[in-house]
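[1] The sequence isn't on hand, but the structure is:
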């Protein structure tokens, strides 16, 4: 594998690898492959009425064939914490909400009021 390690203060922080190798890792992990997204283009603005609620998180994840463990690790949280979010027992902070939206390819989350 041709991996570039990026460090910060002497500690590994990021691993950069060729796209084909990344796709092979996704396949080996059982994660459904998705086409690359352009990180420079923000998702289209959506009204609050068209955004999914966090109560739909589990259905969105399962509909995309993503295991709870895989999504949690990709977002940077534990599977047990993601399960608490999916059950409505915990509310994620804004950064986790953004990461979940990005990974599930939704423009954002409806604010629960």
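    All right, it came through fine. Owing to the predicted nature of the structure, the values given are computational and were not obtained by experimental measurement.
[2] can you count the residues close to residue 56?
    The local packing of residue 56 (other CB atoms under 10 Å) involves 16 other residues. To be clear about C-beta, it is placed using only N, CA and C from the backbone, and glycine gets the same treatment.
[3] That one and residue 86, how far apart?
    Distance from residue 56 to residue 86, counting by CB to CB, to the nearest Å: 10 Å.
[4] likewise residue 15?
    For residue 15 relative to residue 86 (CB to CB), the value is 28 Å.
[5] So which of those two has more stuff around it?
    Taking neighbours as other CB under 10 Å, residue 15 and residue 86 compare with residue 86 leading, 20 against 11.
[6] Name the nearest residue to that one, ignoring sequence neighbours.
    residue 58 (4.3 Å; CB to CB, 6 or more residues apart in numbering).
[7] Check residue 99 too.
    residue 75 (4.3 Å).
[8] for the one you found, what are its contacts?
    By CB atoms under 8 Å, 6 or more residues apart in numbering, the contact set of residue 75 is 82, 96, 99-100, 103.
[9] can you redo these as CSV with distance to residue 67, pLDDT and neighbour count?
    Shown next, in CSV, are those (distance: CB to CB, whole Å; pLDDT from 0 to 100; neighbours: other CB atoms under 10 Å):
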residue, distance to residue 67, pLDDT, neighbour count
82, 10, 96, 23
96, 18, 94, 17
99, 16, 93, 16
100, 14, 94, 24
103, 12, 92, 18
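[10] Domains in this structure, by residue range?
    1-30, 39-113 (automatic domain parsing).
[11] Can you tell me which of the ones you listed is most buried?
    Of all the domains of the chain, domain 39-113 has the most neighbours on average by mean count of other CB atoms under 10 Å, namely a mean of 14.
[12] chain center to it: distance?
    7 Å (CA atoms, centre = their mean, to the nearest Å).
[13] All further residue positions should be reported with the first residue as 459.
    Understood, numbering begins at 459; the last thing we discussed is domain 497-571.
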